[in-house]
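A.B. asks: return a 3D structure for these sequence lines:
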Amino acid sequence: MRWWETGKEGTQGEEVKSNHCITHCSEHWSLMCSYLQAKRTQIGFSSAASGGETTVSSTAATSMTNTNPDVPLSEEELERKKKKEEKAKEKELKRLKAAQKAEAAKLKAQQGPSISKASKKKTVRADASEENPEDYIDPETPSGDKKKLSQQMAKQFSPVAVEKSWYAWWEQSGFFEANSSSSKPPFTIVLPPPNVTGALHTGHALAAAIEDTIIRWRRMSGYNTLWVPGMDHAGIATQVVVEKKIMRERKMTRHDVGREKFVEEVWQWKEEYGGTIWKQLRRLGASLDWSRECFTMDEKRSNAVTEAFVRLYKEGLIYRDLRLVNWDCVLRTAISDIEMDYIDIKEKTPLKVPGYKNMVEFGVLTSFAYPLEENLGEIIVATTRVETMLGDTAIAVHPEDPRYTHLHGKFASHPFNGRRLPIICDAILVDPKFGTGAVKITPAHDPNDFEVGKRYKLEFINIFTDDGKINSNGGLGFVGMPRFEARVAITEALKSKGLYKGEEKNEMRLGVCSRSNDVIEPMIKPQWYVNCNGIAKEALDAVMDENNKKIDILPKQYAAEWKRWLENIRDWCVSRQLWWGHRVPAWYVTLEDDKLKELGAYMDHWVVARDEKEAETEAKKVFSGKKFQLAQDPDVLDTWFSSGLFPLSVLGWPDDTQDFKTFYPTVVLETGHDILFFWVARMVMLGMKLGGDVPFQKVS
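C.D. replies: A predicted model of the protein is given here:
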């Protein structure tokens, strides 16, 4: 073993006295090189230089393939020799480094014991324990003051500690308030008003974050920005919540409490729980202009709703009519299409219906016969709602169906109430290839039959009470029965008369209320409607007319949905049989000499006005010289009517306010595509009609 390999110098056993620095290592290397050179000379090795340094082999005699210096080496031998010399050099460098480390460790040991990492940590902890923890805690900041900060930055981020107090100072300082007198270009966004019924969810947070980003960017870009916060009273949803609350707490219905007391309960609930949404928006840091905060049932918004209804009525765009509606027998009100869910049924299916102990079967087509007059036999019809046969007023057949040619103009007899049912010919409704080719007609309880009833001037007979029981029009044997219990009873009665012809499974789509889960009953009711034909055309053109486009819908594919809705629009039923909402500003006039004293008995006895005093003045003009009494319509307006006015009402309409002049129309509406028709289209229709322009320029 060589001395430079063992870390020894001179004779074996004597320790190397290496210095602590590179200089002494270099001296050792020089001595070593001199020694090697001498050895090469003695044994006749060839020397080779690499990079100015002498390279040696670790095994002298055996490593060389050619020991005669006079004989030249081959290329292969030279390559092997070169590689061996490079390896030897690498080994020597590693050994030298190891020697340096050993020497450094020895010196460190001579200087004293080393301090372990664990000891260092303990020292750090000891130093930390000497710090004052209060230096890292933000001092309490009075609400509205600029946040007071701790002396030292906290070592961990705490959102609660960091965000606390900042928003109150922003709000107090008026950083988010818009100036309607500013010369800066305006940029306005209306916050889609969340329902007062609950707390915000992740979807709301996402929408608020997007809108806040837009509004802050525009604010920093020099615009006079306004982001208006609002909240919707959510008619049906709120009423249901409060009804459940009083039932849970006092075992009472709203009818037990009475309308006036119930509305007081709702306002109390709103004051107690409605503030949650505002707190959440502040916690999100949303830069809303709280000086313009609004609620769809506050005084200003309520005045706007009344004014809009009166103006549209006087222009002939609002009218009262007897039509079919989607009726909820639990809530006892008409509901809109958006408040309905649908269940696709493939075969006979029992379902749980609110108010019924037993399951109710759906997906069944029941066939039964009507006896014909003049001993002509019977005619068989089929229905999925056999209980509605109590309201049948005709039987329709196809005019070219040879099976029934001999029955044209004849009559059938109702087996339970004796009503005469004419056999009518209708090529629009009847498909002679489907079923028996004969169709029962119930104009007051089926949309298709309703149209047939209008075409042939049939009698419209409603057989249900508002809570879904058979009324006096249904026949004495079934009066007071809930509709689905009557379904079973009528089937049994038909069997006893020999008129039942069997049943089979039937695919159907069942509509249920998303609020109450009640099965929707098509029912004829007098309601207030908005004539949408003209205003819908204007709203359609605002998006689709490339030569005069006023609104961009993003993503663009939703423009097709806009077109589909507005091209096939029906008149809008705006009345609801609820207690929570804006009362319809219409009064029924009961004349002293009227035979029928029931409210709404005569369609032409209504006057529309802003208040009762104005209604009385209007009634005196219409019914001059007659004695009368006034009663306001108990119905309220559809929530979508008041929210459809939102871009107008939040800016002060119908008053000619500076806000309205400066900030209407708004610029962007960020909302969900699922309410593109129910809310967005109605805002556009009402905005263009009442505000004189589209309510926004982009919908996203």
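
A.B. asks: use CA for all of it now, contacts and neighbours both
C.D. replies: Will do.

A.B. asks: report all helices and strands that the helix or strand where Ala207 lies contacts.
C.D. replies: For Ala207, the element it lies in under DSSP states H and E is helix 202-220. Applying 3 or more CA pairs under 8 Å, 6 or more residues apart in numbering; DSSP states H and E, we find helix 202-220 packed against strand 186-190, strand 224-228.

A.B. asks: quick check: buried residues in the first one?
C.D. replies: Within strand 186-190, the residues that qualify as buried are 186-190, counting by 16 or more other CA atoms under 10 Å.

A.B. asks: what's in contact with it?
C.D. replies: Residues outside strand 186-190 that contact it (CA atoms under 8 Å, 6 or more residues apart in numbering) are 211, 215, 218, 223-230, 647, 662-669.

A.B. asks: could you flag which of these are buried?
C.D. replies: Buried among those by 16+ other CA under 10 Å: 211, 215, 218, 223-230, 647, 662-669.

A.B. asks: how close does Arg311 sit to Lys537?
C.D. replies: For Arg311, the distance to Lys537 equals 19 Å [CA to CA, to the nearest Å].

A.B. asks: how about Ala161?
C.D. replies: From Ala161 to Lys537 the distance is 54 Å (CA to CA).

A.B. asks: try Asp298
C.D. replies: From Asp298 to Lys537 the distance is 32 Å (CA to CA).

A.B. asks: which of those two has more residues huddled nearby?
C.D. replies: Legend: neighbour count by other CA atoms under 10 Å for Asp298 and Lys537, higher for Lys537 (15 against 10).

A.B. asks: ramachandran angles for the residue lying closest to the more buried one once chain neighbours are set aside?
C.D. replies: Residue nearest to Lys537 in three dimensions, not counting chain neighbours: Leu566, with 7.2 Å by CA to CA, 6 or more residues apart in numbering. Main-chain dihedrals, Leu566, degrees, to the nearest 10: phi -80, psi -20.

A.B. asks: is it correct that Leu566 is in contact with Gly534?
C.D. replies: No. With contact defined as CA atoms under 8 Å, Leu566 and Gly534 do not form a contacting pair (10.5 Å).

A.B. asks: flag the shaky bits of the protein, pLDDT-wise.
C.D. replies: 1-73, 108-130 (pLDDT under 70).

A.B. asks: buried stuff in the helix or strand where Thr306 lies?
C.D. replies: Using DSSP H and E, Thr306 sits within helix 299-314. Of all the residues in helix 299-314, those buried under the rule 16+ other CA under 10 Å are 300-313.

A.B. asks: go on, stretch 476-491?
C.D. replies: So for stretch 476-491, counting by 16+ other CA under 10 Å, buried means 478-487, 489-491.

A.B. asks: tell me which of these fall in helices.
C.D. replies: Secondary structure from DSSP state H places 483-487, 489-491 of the buried residues of stretch 476-491 in helices.

A.B. asks: now tabulate those in JSON lines and tack on distance to Asn517.
C.D. replies: Converted to JSON lines, these look like this (distance: CA to CA, whole Å):
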{"residue": "Arg483", "distance to Asn517": "16"}
{"residue": "Phe484", "distance to Asn517": "15"}
{"residue": "Glu485", "distance to Asn517": "18"}
{"residue": "Ala486", "distance to Asn517": "20"}
{"residue": "Arg487", "distance to Asn517": "19"}
{"residue": "Ala489", "distance to Asn517": "24"}
{"residue": "Ile490", "distance to Asn517": "25"}
{"residue": "Thr491", "distance to Asn517": "25"}
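
A.B. asks: and Trp528, that's in a strand?
C.D. replies: Yes. Using DSSP: H, G, I helix; E, B strand; the rest coil, the assignment for Trp528 is a strand.

A.B. asks: please name the nearest non-neighbouring residue to it.
C.D. replies: Arg320 (4.4 Å).

A.B. asks: shouldn't the one you found be in contact with Asn531?
C.D. replies: No. Here Arg320 does not reach Asn531: they are 10.5 Å apart, not a contact under CA under 8 Å.

A.B. asks: helices of the stretch 51-200 of the chain, residue ranges please.
C.D. replies: Using DSSP state H, counting those that start in this stretch, the helices assigned to the stretch 51-200 of the chain run over residues 60-63, 75-111, 117-129, 159-163, 166-173.

A.B. asks: just to revisit the earlier point, how near is the residue nearest to Trp528 to Leu578?
C.D. replies: Distance from Arg320 to Leu578, by CA to CA: 17 Å.

A.B. asks: look at those two and report which has more neighbours.
C.D. replies: Leu578 (21 against 16).

A.B. asks: contact partners for the more buried one?
C.D. replies: Going by CA under 8 Å, 6+ apart, the list of residues near Leu578 reads 235-236, 239, 332-333, 635-636.
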